[in-house]
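Enquirer: Sequence and predicted structure are below.
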Amino acid sequence: MSKCEQCIVREFSSLKALTKEELLKLSDCKTSHIIKKGEVIFEEGENVNGIYCIKDGICKLTKLSANGKDHIVKLVTKGELLGQRSMISDEPVNLSAVALEDMQVCFIPKSEVMGYFDKNNQFSMNVMKTICGDLKEADDHMVNLAQKTVKERLAETLLYLHDTFGKNNDNSLKVQLSRDELASMIGTATESCIRLLSDFNKLGLIELTGKKIVLKDINALKKMAE
């Protein structure tokens with residue numbers, strides 16, 4: 001993997017505030033890992049003692065509910081950092097991270113990162129802004145669960161997957177989630193999710209081929225999601 005100062009991915013995260021000297025030092029202490037699809041990066045309750053920078057790939061962040069089911073809180077892609085909140089609060093991670101596809105990640109030890117908080121104010125501000133952004137997303141998601149119907153949430157989630165992660169050459173959504181995972185994201189039972197997808201298919205809003213989903217009428221989905 002490339003050196004931190006040569007890595008374009010850092011421009012998308014808090015690390016963009018680090019100086020060349022700081023990045024050179026970071027390169028010496030980071031470790032690079034290949035994570036295969038389905039593998040766990042870290043588990044809820046684990047002491048990570050650092051942050052992961054995603055160089056390539058997508059993972060899901062999940063929270064174990066009281067009934068023993070994993071609920072998908074967020075999908076995270078290249079350029080983002082994992083573990084910032086737990087590193088600052090000095091607590092075990094609150095979520096699990098699982099690879100949705102093959103990933104390249106770099107692990108940076110906490111001892112190294114925390115030193116930048118004293119020396120680099122812009123880095124500190126970037127981390128705080130990221131955590132504040134996560135809190136805002138969590139607030140919005142909670143309101144959506146309370147006020148929007150399952151149909152509206154499904155339309156919104158399909159558009160989010162399309163706009164954030166893009167599509168394949170055959171126009172299907174690049175991120176292929178199982179029906180269980182999709183149901184988890186919108187906060188409903190798997191059976192309800194399957195039934196709604198079938199309804200969307202019949203209405204010509206989407207096209208289903210196995211796990212693949214093609215959005216056929218984006219404008220109609222936008223109106224439904226409002």
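Expert: Good, I have the coordinates. Numbers count the residues shown, from 1 in each chain.
Enquirer: CA atoms for contacts and neighbours, from now on please.
Expert: Fine.
Enquirer: Point out where the chain drops to low pLDDT.
Expert: Applying pLDDT under 70 to the chain flags residues 1-2, 5, 8-10, 12.
Enquirer: which stretches of it form helices?
Expert: In the chain, the helices defined using DSSP state H lie at 20-29, 84-89, 110-119, 121-147, 150-165, 179-186, 190-202, 218-225.
Enquirer: Quick one: the ones you listed as JSON lines, columns for mean neighbour count and distance to residue 59 too.
Expert: Formatted as JSON lines, the helices of the chain follow (neighbours: other Cα atoms under 10 Å; distance: least, Cα to Cα, whole Å):
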{"stretch": "helix 20-29", "mean neighbour count": "14", "distance to residue 59": "23"}
{"stretch": "helix 84-89", "mean neighbour count": "17", "distance to residue 59": "16"}
{"stretch": "helix 110-119", "mean neighbour count": "14", "distance to residue 59": "21"}
{"stretch": "helix 121-147", "mean neighbour count": "14", "distance to residue 59": "16"}
{"stretch": "helix 150-165", "mean neighbour count": "19", "distance to residue 59": "12"}
{"stretch": "helix 179-186", "mean neighbour count": "20", "distance to residue 59": "12"}
{"stretch": "helix 190-202", "mean neighbour count": "16", "distance to residue 59": "20"}
{"stretch": "helix 218-225", "mean neighbour count": "15", "distance to residue 59": "25"}
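Enquirer: Show me the one of those helices that comes nearest residue 44.
Expert: helix 84-89 (10.8 Å; Cα to Cα).
Enquirer: Check the offset of the closest one from the chain's centre.
Expert: The chain centroid and the centroid of helix 84-89 are separated by 17 Å under Cα atoms, centre = their mean, to the nearest Å.
Enquirer: Just give the closest residue to residue 215, not the sequence neighbours.
Expert: Once flanking residues are discounted, residue 215 sits nearest to residue 206: 4.5 Å by Cα to Cα, 6 or more residues apart in numbering.
Enquirer: returning to that earlier point: so which of the helices of the chain comes closest to residue 64?
Expert: helix 179-186 (11.1 Å).
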